[in-house]
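Q: Fold the following for me, if possible:
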Amino acid sequence: MARILIVDDDPAILEILGAYLRAEGHTVLEAQDGLMGRARLLEADLAILDWMLPGVSGLELARQQRRAQPDFPLLLLTARGEEEDRLQGLEVGADDYVAKPFSPREVVARVRALLRRARIQDSVILGGLELAEQTRTARLDGRDLNLSKLEFDLLLTLARHPGFVWSRDRLLERVWGADFPGVERVVDVHMAGLRKKLGEQPEQPRFIETVRGMGYRFRDEAVG
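A: Numbering: from 1, shown residues only. Sure thing, here's the model as predicted:
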């Protein structure tokens with residue numbers, strides 16, 4: 001199941017869409033303005049954006065996110081139903097478009113379709129490392145890594161955002177889930193196991209670097 005961000009300034013829409021998506025098994029993230037939405041996009045696998053938002057519009061958020069992550073699934077919600085408006089939304093990078101008022105079931109169906117499409121295309125190939133989410137396989141320089149589920153999710157999270165520093169708290173929320181009662185130490189334990197399978201040398205890491213006092217990051221240098 002996916003982490004889905006809903007960005008809408010209408011609490012009723014956040015409530016009803018959130019309920020339907022949670023019933024599908026998804027984790028739902030929420031934001032009520034464009035600035036908060038932009039900050040939370042990194043945590044999500046798919047975003048549902050209202051066209052008209054305080055701060056930064058959903059249209060601008062879609063444009064910015066498409067530049068940052070070309071394959072990120074985006075669904076635009078809006079009360080603007082004219083054909084030219086729909087085309088404008090699609091042209092800036094939205095994958096799909098739903099006009100208000102809408103059926104929550106229709107939105108859920110469109111989310112399901114977008115996620116299927118994203119999973120088919122979802123792979124990461126960086127510096128000899130190959131990660132395929134659909135089959136949950138990981139290879140390094142042609143050899144299988146045989147990662148556990150948590151190790152795979154940790155590595156995929158880091159590799160999708162080279163250079164970004166993930167705090168232990170944020171990794172716990174992203175990989176283990178917001179309701180996980182564990183402590184930050186569990187991240188370090190699993191990271192140590194992952195690094196061993198990658199053949200990492202702590203003093204000269206090839207992929208995963210510890211940023212003192214902050215967390216972990218996938219090295220930009222590994223991408224090249």
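Q: any idea which helix is longest in the chain?
A: Ranked by number of residues, the top helix in the chain under DSSP state H is helix 104-121.
Q: helix or strand right after it?
A: Per DSSP states H and E, the first helix or strand lying C-terminal to helix 104-121 is strand 123-126.
Q: which of the residues in the very next helix or strand once past that following strand are buried?
A: Next helix or strand after strand 123-126 toward the C-terminus (DSSP H and E): strand 129-132. Under the neighbour-count criterion of 16 or more other C-beta atoms under 10 Å, strand 129-132 has 129, 131-132 buried. Any C-beta I mention is one placed from the backbone N, CA and C, and that applies to glycine too.
Q: Between those residues, which sits nearest residue 110?
A: residue 132 (24.8 Å; C-beta to C-beta).
Q: Now do residue 208: how many residues are near it, please.
A: 20 (other C-beta atoms under 10 Å).
Q: So it versus residue 185, what's the distance?
A: As judged by C-beta to C-beta, to the nearest Å, residue 208 and residue 185 stand 17 Å apart.
Q: Check residue 148 too.
A: 17 Å.
Q: Could I get the full set of helices for the chain?
A: Using DSSP H, the helices found in the chain span residues 11-23, 34-40, 58-68, 83-91, 104-121, 149-159, 168-171, 185-198, 220-223.
Q: coming back round to it: out of the buried residues of strand 129-132, which is nearest to residue 35?
A: Ranked by distance to residue 35 (C-beta to C-beta), the buried residues of strand 129-132 are led by residue 131 at 31.2 Å.
Q: can you tell me which residues contact the spatially closest residue to the closest one that is not a sequence neighbour?
A: Closest residue in space to residue 131, ignoring its immediate chain neighbours: residue 124 at 4.3 Å, by C-beta to C-beta, 6 or more residues apart in numbering. Taking C-beta atoms under 8 Å, 6 or more residues apart in numbering, we find residue 124 in contact with 130-131, 156, 159-160.
Q: quick one, domains of the protein?
A: 3-121, 123-218 (the TED database).
Q: In a markdown table, list those along with mean pLDDT.
A: Formatted as a markdown table, the domains of the chain follow (pLDDT from 0 to 100):
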| stretch | mean pLDDT |
| --- | --- |
| domain 3-121 | 85 |
| domain 123-218 | 86 |
